[in-house]
Structures are given as C-alpha cells and as structure tokens.
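> Sequence and predicted structure below; questions after.
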Amino acid sequence: EVTSRKMVAEKVLETDKKAEIEATREHFPNSLHQICSSFVRDNPESVLKVFDDEDVGEESSCILHRLMARARRSKPEPPLIPICTNCKHDPCLNGEKLTQNNFVAGASISRVNRPNCLLPRTTTTCDGVTVNYCWAWTGIWATEHRAYFERVMYRCK
C-alpha cells in the first residue's frame, strides 16, 4: 500500500506534484497527499530546508503552498491499537464468556466457575453450542474436553 511508504525531504515536492497530476485517479493521489502531509507535520525542519532550497515564484512555490495548507487541514492518523494476541479482538475480551460469534481457536480460556485456576486450557473447535478445548496437567496435554459457551471465558492477561 502506498501509505506505508516513507517520505524524504528531497522527494516531498516531486511526490506532491505527482499527486496533483494524478488527481483523476481514485485513491492514489489521496494516498500521496496523505504521505506528504504527514511528512510536513512530522518533519518541520526538513520542510523549512525545502523552502530554503526553492526559489520564490517557481512552480514549486504553488505546490509548497498547497501542500502546507493540506498538511494543516489533515488530521494525523490515530495510532494503531494492537489487537489482543489471545482472543484476537479489539477491545480485548479478557474475562468475557465465549460465544459462537467471538470464538477463536487456540485461545487461552478458564472455566467461569474457576477463574483463578492456573490449569492452562486452549480452545480447539466449536460446534455452535459447545466449545472444545484441551488442558494440560503437569505439562502434558490431555484429551479434548467440551463445555457450553456460557461456562468458559477468555483468559487473556
């Protein structure tokens, strides 16, 4: 994806100009403008150097002006919130009962009536009514067990 690319000061004007030329394409120019705007917000010293290197009145002056205006109007992207590595949900479902809709194979779970039990249990499959899971006793995985959804909960933290 274009927005994952890093920008450098030497390419910011060229890239923004390309975005203006490609304005008829659907997402490509927006992605380029987003990269350039983020660069301007995050690297003010580099942008000042670009201004210093360019002559007033050149074609690049208009591009710089529009770039600065777009950078001011654009909102920074919110930081990515990591999805829980156990339940694979955001927000994390720690302590929540499993359901058919939130089931994830390979997740650590606990029995609802024994939330503090340290015996590791890991989900394997579900059939819509029950959850199948394995548990370890002295480090050896035992045979598969089954429980109704309302009797097991995620143990993420």
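Okay, I see it.

> give me every residue that touches residue 109.
98, 121, 122, 123, 131, 133, 152, 153, 154, 155 (Cβ atoms under 8 Å, 6 or more residues apart in numbering). The C-beta positions use only the backbone N, C-alpha and C, and glycine is treated the same way.

> Check these against residue 46 and report the nearest one.
Residue 46 lies nearest to residue 154 out of the contacts of residue 109, by Cβ to Cβ, at 45.2 Å.

> Would you mind confirming that that closest one is in contact with residue 108?
Yes. Residue 154 lies in contact with residue 108 (Cβ atoms under 8 Å); the separation is 7.4 Å.

> got the residue ranges for the strands in the chain?
108-111, 121-126, 130-137, 140-141, 145-148, 152-154 (DSSP state E).

> residues of the first one that come out buried?
Using 16 or more other Cβ atoms under 10 Å as the burial criterion, the residues of strand 108-111 that qualify are 108, 109, 110, 111.

> So residue 30 versus residue 68, what's the distance?
According to Cβ to Cβ, to the nearest Å, residue 30 and residue 68 sit 17 Å apart.

> Now tabulate the contacts of residue 109 in JSON lines and tack on neighbour count and distance to residue 41.
Below are the contacts of residue 109 laid out as JSON lines (neighbours: other Cβ atoms under 10 Å; distance: Cβ to Cβ, whole Å):
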{"residue": "98", "neighbour count": "25", "distance to residue 41": "42"}
{"residue": "121", "neighbour count": "21", "distance to residue 41": "47"}
{"residue": "122", "neighbour count": "16", "distance to residue 41": "44"}
{"residue": "123", "neighbour count": "22", "distance to residue 41": "43"}
{"residue": "131", "neighbour count": "25", "distance to residue 41": "47"}
{"residue": "133", "neighbour count": "23", "distance to residue 41": "48"}
{"residue": "152", "neighbour count": "22", "distance to residue 41": "46"}
{"residue": "153", "neighbour count": "19", "distance to residue 41": "42"}
{"residue": "154", "neighbour count": "24", "distance to residue 41": "38"}
{"residue": "155", "neighbour count": "22", "distance to residue 41": "41"}
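
> Just send the residues you listed back as TSV, with distance to residue 52 too.
Below are the contacts of residue 109 laid out as TSV (distance: Cβ to Cβ, whole Å):
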residue	distance to residue 52
98	60
121	63
122	60
123	60
131	64
133	64
152	63
153	60
154	55
155	57
